[in-house]
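Chemist: When you get a sec, could you give me coordinates for this:
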Amino acid sequence: MMSETESPKFGKDYYGVHPNTAEEKQTAPSVPREFQELIATDVYERIKRVHKRWNLRIRELVRTETGFKLSIGDDRNAVPILIIDGLPKPLEQALLQDPDPSLWWLAINAPLLEQTAEGLSVLVSDFDRARILQNPGEIEPGDAHALSEYIRLLLAIKRIEALRNRIFQIETDVLGAYFFRRCQIQIYWMAIGLIAPLIGVSIEDLTTITLTHELAHAYTHLGGDIDGNRWDVSAFASSDLVLVEGLAQYYTERICKKLDDNIPTLSAAFGQLLSFQSSPYTQYRGWPTSGVHGAEIVRFAMIDSRAQEGASLGRFTEQMNKAAASIAKK
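Modeler: Modelled structure (predicted):
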């Protein structure tokens, strides 16, 4: 049993930790049939297009931001990305705790339904301005008002919010996963198809964020520094969950900002996702995120952590403070 002061480790109970074993097969992604119809039919193709367009660019940005390279001389590491059917076990288990597809449909589409109800309220408030169609049919203000009220009643069902919270309390990556013992990234397109409307962002933005987050895991682990040093697998697995996820989130945020000129909605989508995520994904927000010195400070502490067996957030924070003090003296 973990003590109250011990922090969860990245590799403990993580479903990417047991490659090529019977245990891994038991945790392979799956999806109950009753939930398949909740996912838009074009999601898979849209995710494939995002991967094709942005994979190399994101790798370049992660490499630049971290200062790490997957290949150094003859020492080469490939990190393939697979787009996988089904749902990862943590997400599937959360869904099956309350296996009513109708309630999940409401929970997933709540942001769109809220916007619809607001739009109908605007229509009802000044219906005469909307009488610009020559043949509007038999629609009356009362019809729009009744529909708006019905939507609000649906969204008031208490179980809806409970279902949404169940998803956001998961403390492992469920949109994608970095399988660190075999150096492979899996993107769960069905999970993205469920979560994107749930938090009110586009499939494309959430896919880009997921790709960036998982590639940040790969580069912070496998990437070699100028001396060829990498993060040992066992040390990586035994490091604090909040540290490993924090590093991935830190670089994801920075890269989203760098892509804003190409994808104007990306940083906002990342912020929206972050507002729903659990503690391991949000604690990094106290780290220096802007300017050259901020990146230097985090990288200095990260290099130190990669040399430790079971790196802790506490030591990482101490090293950031040490680097910040050193820079301030210059």
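Chemist: From here on, just use CA atoms for contacts and neighbour counts.
Modeler: Fine.
Chemist: so who does the residue nearest the centre of the chain touch?
Modeler: By CA atoms, centre = their mean, the mean C-alpha position of the chain lies nearest to residue 210, the distance being 5.0 Å. Residue 210 makes contact with 175, 176, 187, according to CA atoms under 8 Å, 6 or more residues apart in numbering.
Chemist: check which helix or strand covers it.
Modeler: Assigned by DSSP states H and E, residue 210 belongs to helix 203-222.
Chemist: Next secondary structure element downstream of that helix?
Modeler: helix 233-237.
Chemist: Is residue 189 in contact with residue 44, as I believe?
Modeler: Yes: with contact defined as CA atoms under 8 Å, residue 189 reaches residue 44; the gap is 5.9 Å.
Chemist: any idea which helix or strand of this protein has the worst average confidence?
Modeler: When the helices and strands of the chain are scored by mean pLDDT, DSSP states H and E, helix 22-26 comes last with a mean of 40.
Chemist: Run a quick neighbour tally on the nearest residue to residue 202 once chain neighbours are set aside.
Modeler: Distances taken as CA to CA, 6 or more residues apart in numbering place residue 196 nearest to residue 202, at 5.9 Å, with adjacent residues excluded. Close neighbours of residue 196, defined as other CA atoms under 10 Å, add up to 21.
Chemist: okay but residue 196 is in contact with residue 206, surely?
Modeler: Yes: the pair formed by residue 196 and residue 206 meets the contact definition of CA under 8 Å, at 6.4 Å.
Chemist: Provide a list of residues in contact with the residue lying closest to residue 62 once chain neighbours are set aside.
Modeler: With sequence-adjacent residues excluded and distances taken as CA to CA, 6+ apart, residue 62 is closest to residue 216, at 6.2 Å. By CA under 8 Å, 6+ apart, residue 216 lies in contact with 62, 247, 248, 251, 252.
Chemist: again, but for residue 273
Modeler: Residues in contact with residue 273 (CA under 8 Å, 6+ apart) are residue 199.
Chemist: send the alpha carbons of the host helix or strand of residue 301 over as CSV?
Modeler: Assigned by DSSP H and E, residue 301 belongs to helix 291-306. Presented in CSV, the C-alpha positions along helix 291-306 are these (Å, rounded to 0.1, in the frame of the first residue of the first chain):
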residue,chain,number,x,y,z
GLY,A,291,10.4,33.3,-22.4
VAL,A,292,13.8,31.8,-23.1
HIS,A,293,14.8,31.6,-19.4
GLY,A,294,11.6,29.8,-18.5
ALA,A,295,12.5,27.0,-20.9
GLU,A,296,16.1,27.0,-19.7
ILE,A,297,15.0,26.6,-16.1
VAL,A,298,12.7,23.7,-16.8
ARG,A,299,15.2,21.9,-19.1
PHE,A,300,17.9,22.3,-16.4
ALA,A,301,15.7,20.6,-13.9
MET,A,302,14.6,17.9,-16.4
ILE,A,303,18.1,16.9,-17.2
ASP,A,304,18.8,16.5,-13.5
SER,A,305,15.7,14.4,-13.1
ARG,A,306,16.6,12.1,-16.0
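Chemist: Quick one: low-confidence residue ranges for this structure.
Modeler: 1-6, 12-30, 72-75, 133-138, 290-292 (pLDDT under 70).
Chemist: Now do the helices in it.
Modeler: Counting by DSSP state H, the chain has helices at residues 22-26, 33-36, 43-66, 89-96, 101-125, 141-155, 158-168, 189-199, 203-222, 233-237, 241-258, 266-276, 291-306, 313-329.
Chemist: I'd like those as CSV, with distance to residue 9 appended.
Modeler: Below are those laid out as CSV (distance: least, CA to CA, whole Å):
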stretch, distance to residue 9
helix 22-26, 19
helix 33-36, 31
helix 43-66, 22
helix 89-96, 17
helix 101-125, 30
helix 141-155, 37
helix 158-168, 19
helix 189-199, 24
helix 203-222, 14
helix 233-237, 7
helix 241-258, 5
helix 266-276, 21
helix 291-306, 14
helix 313-329, 11
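Chemist: if we can go back for a sec, for PyMOL, write the select line for the buried members of the contacts of residue 210.
Modeler: To isolate the buried members of the contacts of residue 210 in PyMOL, using 16 or more other CA atoms under 10 Å:
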select buried, resi 175+176+187
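Chemist: Just give me the closest of the contacts of residue 210 to residue 48.
Modeler: Among these, residue 187 lies closest to residue 48 (CA to CA), at 10.1 Å.
Chemist: Go ahead and confirm residue 82 touches residue 189.
Modeler: No: if you go by CA under 8 Å, residue 82 and residue 189 don't touch, sitting 10.0 Å apart.
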